[in-house]
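*Asks:* can't give you the sequence, but here's the structure:
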DNA sequence: AAAAAAT
């Protein structure tokens, strides 16, 4: 049994010296978790300097030299930074109204924890409130920090506050989601958040977050991780996978305490307080985008509330200085985008030598975005413990070839979990598909907008930035209160557009894919896919902007022959969700055309459509090699344009090698592949 | 085609 990888009962090294002596006055010193309960003596913590955090709006202002933690975790996404007193654009794409207590100001969770009514005064009591973990590990026991009503409200919201409610997850919909686990000795799924196996403190935090029942991913992942196993999970965003890895990891961390001093960290091998200021996180979570790492971090803050575990987040585009200071003050669980993490490693500020848990979230997206070199460097090229000395969890919506290779390299004897799609089964959303030629789209849209009236917000998705502009201009000319959001608009414009949309002054928002994911806007009653996406998963994400948190919504799609690439997936989805299926869809699907758009094979399921197989079971292959680039179907332009192995069920096994593996079951209808779907869009 | 990612 691979069991030795939990945060083992590593005995604390009581002889560790407290950092105080070496800490330069007024500078942050890294304080290892097991020493954090100590009084800071000369106050190495932020309390030494943090201070004078202004009581008014000030987080966007110039940084004072001290330990004011303003902004540490709430980086400005606007290049210029929000003006004081203005709402700000948060990393996860939300518009956060200005709230003087939200960020680094005193008393907030990020606050250096000293002045201004914060309950953490400097001096003797060494409490430092950051992240959310302000508990301690003392004498081999977890000593949770004091309750903090304000922080609780910030993290969990006020009870019955709809804006914080269950983040749009309708739990009743989870019951139908199929989960399939395979591998050696799959542990029995749990059915509840109970002790055992989960830690009481974690359960308390889960309760605070109003999570009642584990989602299907969590039911499986909790025992899998807690049994020390590696995991490869195919699950979509929104399936509860963040909890799926955070719960077991934090639970074990709470029970087992921090690791001993870093095994062989750089430099002296031990903490070099004050001088080296290097952090040795025990858990590392990698995710592709800022918005994702921020979301994960926010979840981590919730579940680490009052615990000894300090969550941190780092990503590009934000001030690195504040991230450095944040890390210095304790970093047990690090959520990061790959590029920034590599940067910090290069700067010698983070060591991975102590990693016990490695999570790769949205692995397929990370590869799509070209992160493979950084990821490999982080996992294989630095001081990260080897595959046998850590526990590794990979999450990916799909399981194409390159992900299989990562799994082979990063995981050991893993359990493969395949989780059905959430959302497609949501009956809160009524999905309509209308046949509309491109030339008719505008007038049909006007019809809809006229009849649909002014109730709620309407989100219109288009495929290009230009279209977003022209369509919103058109609507405005037609006297509709519309605005647009896309990647060519400045952050400020995007922020503005979103604000106008949210507050209902512009209840019509024309958007590109920028708004498809990660945006949580209440009261969207209608999503119109003016242009259908080519990827059915994008469709699912888009319509998921409505019908959230138990509300109902309508999703209308304009379909014409230009969209036949998604017709099969769309058809399948509609049926799956028990929606009305218009006849033209069936017939266009039957028209077939040798090229189905996704090269899915007979019984196979396409990319995002649930069952991605545990390829280890698929026999065959010429053993060994991956076939290299040439083995990729060898089909000229075709393969690259697909990214990777959409083979669905035909997913080539590791050894599949050559071209046969790749399109094997795919219905390219064009085995030569030379022409491929190059004119796909 | 759009989006995102270290500087």
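*Replies:* Yep, it's here. Computed from a prediction, not measured in an experiment: that's the story for all the values here.
*Asks:* So residue A:190 versus residue A:587, what's the distance?
*Replies:* According to CB to CB, to the nearest Å, residue A:190 stands 46 Å off from residue A:587. All C-beta atoms are positioned from the backbone trio N, CA, C, and that covers glycine.
*Asks:* Pick out whichever of these two has more residues nearby.
*Replies:* Legend: neighbour count by other CB atoms under 10 Å for residue A:190 and residue A:587, higher for residue A:190 (20 against 10).
*Asks:* my read is that one is in a strand, agree?
*Replies:* No - Residue A:190: not assigned to a strand; according to DSSP: H, G, I helix; E, B strand; the rest coil it is coil.
*Asks:* got the phi/psi numbers for it?
*Replies:* Per-residue torsions, residue A:190: phi -90, psi 170 (degrees, to the nearest 10).
*Asks:* Now do stretch A:568-576, average pLDDT.
*Replies:* Mean pLDDT, stretch A:568-576: 86.
*Asks:* And stretch A:497-510, by the same measure?
*Replies:* For stretch A:497-510, the per-residue pLDDT averages 87.
*Asks:* buried set for that stretch?
*Replies:* Neighbour counts using 16 or more other CB atoms under 10 Å place A:497-502, A:506-510 of stretch A:497-510 among the buried residues.
*Asks:* interface residues of chain A facing DNA strand B?
*Replies:* Residues of chain A lying near DNA strand B by CB under 7 Å from any atom of the strand: A:288-291, A:315-318, A:320, A:337-343, A:346, A:368-370, A:463-466, A:486-488, A:512-514, A:534-535, A:681.
*Asks:* Out of these, which sit inside helices?
*Replies:* Among the residues of chain A next to DNA strand B, the members found in helices (DSSP state H) are A:290-291, A:320, A:338-343, A:346, A:368, A:465-466.
*Asks:* Buried ones among these?
*Replies:* Buried among these (16+ other CB under 10 Å): A:290-291, A:320, A:338-343, A:368, A:465.
*Asks:* Is it possible to get a markdown table of the residues you listed that adds distance to residue A:184 and pLDDT?
*Replies:* Conversion of these to a markdown table gives the following (distance: CB to CB, whole Å; pLDDT from 0 to 100):
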| residue | distance to residue A:184 | pLDDT |
| --- | --- | --- |
| A:290 | 37 | 77 |
| A:291 | 36 | 70 |
| A:320 | 43 | 91 |
| A:338 | 30 | 94 |
| A:339 | 35 | 93 |
| A:340 | 36 | 94 |
| A:341 | 32 | 95 |
| A:342 | 34 | 95 |
| A:343 | 38 | 94 |
| A:368 | 30 | 80 |
| A:465 | 49 | 88 |
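*Asks:* Of all pairs in the ones in helices among the residues of chain A next to DNA strand B, which one is the farthest apart?
*Replies:* Across these, the longest distance by CB to CB is 39.1 Å; it joins A:346 and A:466.
*Asks:* Tell me the helix or strand right after the longest helix seen in chain A.
*Replies:* The residue-count maximum for a helix in chain A (DSSP H) belongs to helix A:241-256. Of the helices and strands lying after helix A:241-256 in sequence (DSSP states H and E), the nearest is strand A:283-286.
*Asks:* Okay, now the sheet partners of that following strand, with direction.
*Replies:* Paired strands of strand A:283-286, with direction, are strand A:333-336 (parallel), strand A:357-360 (parallel) (DSSP bridges).
*Asks:* quick one: what helix or strand has residue A:223 in it?
*Replies:* Following DSSP H and E, one finds residue A:223 within helix A:216-226.
*Asks:* List the contacts of that helix.
*Replies:* Outside of helix A:216-226, the residues within contact range by CB atoms under 8 Å, 6 or more residues apart in numbering are A:6, A:174, A:177-179, A:181, A:186-191, A:197-198, A:214, A:231, A:233, A:235, A:239-241, A:243-245, A:247-249, A:251-252, A:391, A:393, A:415, A:417, A:419-420.
*Asks:* one step back: could I get the buried residue list for the longest helix of chain A?
*Replies:* By neighbour count on 16+ other CB under 10 Å, the buried set for helix A:241-256 is A:241-256.
*Asks:* can you tell me which residues contact the residue nearest to residue A:511 when sequence neighbours are not counted?
*Replies:* Counting by CB to CB, 6 or more residues apart in numbering, the nearest residue to residue A:511 once its immediate chain neighbours are dropped is residue A:485, at 4.8 Å. Going by CB under 8 Å, 6+ apart, residue A:485 touches A:468, A:493-494, A:497-498, A:501, A:509-512, A:514-515.
*Asks:* Name the next helix or strand following whatever helix or strand residue A:554 lives in along the chain.
*Replies:* Residue A:554 is part of strand A:553-559 when elements are defined by DSSP H and E. Under the assignment DSSP H and E, the closest C-terminal helix or strand after strand A:553-559 is helix A:567-576.
*Asks:* Can you list the helices and strands that whatever helix or strand comes next after that next one packs against?
*Replies:* Next helix or strand after helix A:567-576 toward the C-terminus (DSSP H and E): helix A:583-591. Where contact means 3 or more CB pairs under 8 Å, 6 or more residues apart in numbering; DSSP states H and E, helix A:583-591 is packed against helix A:567-576.
*Asks:* tell me the angle the helix it packs on makes with strand A:553-559.
*Replies:* Angle, helix A:567-576 to strand A:553-559, by axes from the mean of the first three to the mean of the last three CA atoms, to 10 degrees: 150 degrees.
*Asks:* Report all helices and strands that helix A:567-576 contacts.
*Replies:* Looks like helix A:567-576 contacts strand A:429-435, helix A:536-543, strand A:553-559, helix A:583-591 (3+ CB pairs under 8 Å, 6+ apart).
*Asks:* Closest to residue A:375 out of the contacts of residue A:485?
*Replies:* residue A:514 (24.3 Å).
*Asks:* wait, doesn't the closest one sit right on residue A:486?
*Replies:* Yes - at 5.6 Å, residue A:514 counts as touching residue A:486 under the criterion of CB atoms under 8 Å.
*Asks:* more neighbours, those two?
*Replies:* The neighbour count for residue A:514 versus residue A:486, taken as other CB under 10 Å, is higher for residue A:486 (22 against 17).
*Asks:* List just the nearest of the buried residues of helix A:241-256 to residue A:374.
*Replies:* Of all those, residue A:374 sits closest to residue A:245, with 20.2 Å by CB to CB.
*Asks:* quick one: residue A:279 and DNA strand B, what's the gap?
*Replies:* 17 Å (CB to the nearest atom of the strand, to the nearest Å).
*Asks:* how far away is residue A:186 from residue A:359?
*Replies:* According to CB to CB, residue A:186 and residue A:359 sit 19 Å apart.
*Asks:* In stretch A:139-156, which residues are buried?
*Replies:* Those would be A:142, A:144-145, A:148, A:150-152, A:154-156, for stretch A:139-156 by 16+ other CB under 10 Å.
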